[in-house]
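Q: With the sequence up front, the predicted model follows.
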Amino acid sequence: MPTNYDTPTTMTSKRVKLGQSDIEVSRVGAGTWQWGGKFYWGYGRSYTDEDLANAFSACISGGINWFDTAEIYGRGRSEQILAKLIHGSQVDEKSSSGQTIVATKFFPYPWRWKHHSFRNALKNSLKRLGVQSVDLYQIHFPLRPRNFKYWVDALADAADDGLIKAVGVSNFTSEQTKQTHEILSGRGIQLASNQIGYSLLNRSPESNGILEACKELGVSVISYGPLAEGLLTGKYGPHNPPPLPRRLRWAGRRLKVLPPLISLMKDIGSVHQSTPSQVALNWLIKRDTLPIPGVKSARQAADNAAAMNWNLTESEFDALNRATINFLPDQSLAKL
């Protein structure tokens, strides 16, 4: 690792506006896909509700003020766990912002065909969360058979009725994001966010137009999978792969390139007294996105929150870009 890196700096602000809404969120959020996920994540076996309670408390103590969930996470169990922790922990007294932000999602199953399906799903989420309205409600995927515009109209109706404070989408292309923004703007509603898969091992958003479109429209980019389901933590490698479900999903060249990348991340982290996970999250923050790493323990939560305490230098940022250029589909667009 070269020794002539720029002088390290601390992060100027740990909170930003979510899109053009009035909602302020921490630069790192908390993903809760694991909360209730038995098959893929091992909920109830490798970690318990007590572990999740400790993770929640560590998030709040570390300055993380928002949690992303979905109706399909654990078949609603994630929303229920989150609600129990928020309503039972006097969280407002612990949070420096005085409020914990909740984001959840609607999944457009093929058998959901009418607006009432959307409204019923939203009301069921509100019931599980124990609230009258949700801070951010997102369309999980732009899936057929219904055109995504149909669900955008349903989203706007719910916002007009006061059931949603901010509206978002997830996994939308740049063109779908632009069209959604146009539809909502026509009804006097701002599109707050687009949640996409983005990490050092998945840099496609840099070449498919999503980052550019969101920046142009004033839409926040929420990055899910920021640690590539654990690969960027330094815990796994070619000879120590992740558990089978994740191994099948992330096998191949990602595991093969991990050792030199993790070595670089450890070198960078040592300058800031930080971990590879924090380096990966800090890279996404420097890309002007909001990463939402999953949390299953207090240790993970505290580590994630600490990524908001410092900044990558320009030379460190460039080194990470060069090391992961193979994960940028159109390499000619790499800003090195």
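A: Thanks, I have it. Numbers count the residues shown, from 1 in each chain.
Q: wait, Lys149 sits on Glu182?
A: No. Assessed by Cβ atoms under 8 Å, Lys149 is found out of contact with Glu182, at 9.9 Å. (Glycine included, C-beta is placed from N, CA and C.)
Q: where exactly do the strands run in this structure?
A: 15-17, 24-26, 30-31, 66-68, 101-106, 134-139, 164-170, 191-197, 220-224, 290-291 (DSSP state E).
Q: Just put those in CSV and tack on mean pLDDT.
A: Shown next, in CSV, are the strands of the chain (pLDDT from 0 to 100):
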stretch, mean pLDDT
strand 15-17, 96
strand 24-26, 98
strand 30-31, 98
strand 66-68, 98
strand 101-106, 98
strand 134-139, 98
strand 164-170, 98
strand 191-197, 98
strand 220-224, 98
strand 290-291, 98
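Q: want to try CSV for the ones you listed, with distance to Phe39 as columns?
A: Output for these, formatted as CSV (distance: least, Cβ to Cβ, whole Å):
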stretch, distance to Phe39
strand 15-17, 35
strand 24-26, 30
strand 30-31, 17
strand 66-68, 20
strand 101-106, 19
strand 134-139, 23
strand 164-170, 22
strand 191-197, 20
strand 220-224, 19
strand 290-291, 25
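Q: Those strands: which one's closest to Leu258?
A: Leu258 lies closest to strand 191-197 among the strands of the chain, at 17.9 Å (Cβ to Cβ).
Q: what does that closest one contact?
A: Strand 191-197 is contacted from outside by 18-21, 23, 68, 136, 138, 166-172, 177, 180-181, 184-185, 204-205, 210, 214, 217, 219-225, 290, 292, using Cβ atoms under 8 Å, 6 or more residues apart in numbering.
Q: change it to 6 Å
A: With Cβ atoms under 6 Å, 6 or more residues apart in numbering as the test, strand 191-197 has contacts from 18-19, 21, 166, 168-170, 172, 177, 180-181, 184, 205, 210, 214, 219-220, 222, 224-225.
Q: Ok, stretch 269-285 next?
A: Contacts of stretch 269-285 with the rest of the structure, by Cβ under 6 Å, 6+ apart, involve 8, 27-28, 200, 223, 226-227, 232-234, 262, 265-266, 268, 291, 303, 306-307, 310, 312, 320.
Q: how about that stretch as PDB, C-alpha atoms only?
A: Below are the C-alpha coordinates for stretch 269-285, written out as PDB (Å, rounded to 0.1, in the frame of the first residue of the first chain):
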ATOM      1  CA  GLY A 269      -8.700   0.400   6.800                       C
ATOM      2  CA  SER A 270      -5.500   0.300   8.800                       C
ATOM      3  CA  VAL A 271      -5.000   4.000   8.000                       C
ATOM      4  CA  HIS A 272      -8.400   4.900   9.400                       C
ATOM      5  CA  GLN A 273      -8.400   2.200  12.100                       C
ATOM      6  CA  SER A 274     -11.400   0.700  10.300                       C
ATOM      7  CA  THR A 275     -12.500  -2.600   8.900                       C
ATOM      8  CA  PRO A 276     -13.000  -3.800   5.300                       C
ATOM      9  CA  SER A 277     -16.700  -3.500   5.800                       C
ATOM     10  CA  GLN A 278     -16.400   0.200   6.700                       C
ATOM     11  CA  VAL A 279     -14.200   0.700   3.600                       C
ATOM     12  CA  ALA A 280     -16.800  -0.900   1.400                       C
ATOM     13  CA  LEU A 281     -19.600   1.300   2.900                       C
ATOM     14  CA  ASN A 282     -17.500   4.400   2.800                       C
ATOM     15  CA  TRP A 283     -16.800   3.900  -1.000                       C
ATOM     16  CA  LEU A 284     -20.600   3.800  -1.500                       C
ATOM     17  CA  ILE A 285     -21.100   7.000   0.600                       C
END
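Q: buried stuff in it?
A: 269, 271-272, 274-285 (16 or more other Cβ atoms under 10 Å).
Q: on that earlier part again, buried among the contacts of stretch 269-285? Make that a PyMOL selection.
A: Typed into PyMOL, the next command selects the buried ones out of the contacts of stretch 269-285 (criterion: 16+ other Cβ under 10 Å):
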select buried, resi 27+28+200+223+226+227+232+233+234+262+265+268+291+303+306+307+310+312+320
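Q: Now go through the contacts of stretch 269-285 and say which are in helices.
A: Using DSSP state H, the subset of those located in helices is 262, 265-266, 268, 303, 306, 320.
Q: who are the neighbours in contact with the nearest residue to Glu71 once chain neighbours are set aside?
A: Take Glu71 and drop its neighbours on the chain: the residue closest to it by Cβ to Cβ, 6 or more residues apart in numbering is Ser125, 5.3 Å away. Shown in contact with Ser125 (Cβ under 6 Å, 6+ apart): 71, 79, 104.
Q: tell me the helices in this protein, going along the chain?
A: Applying DSSP H to the chain gives helices spanning 38-41, 49-62, 77-88, 91-94, 115-129, 148-160, 174-185, 210-217, 244-250, 253-272, 276-286, 298-306, 314-323.
Q: so how far is Ile60 from Leu211?
A: Using Cβ to Cβ, to the nearest Å, one gets 30 Å for the distance from Leu211 to Ile60.
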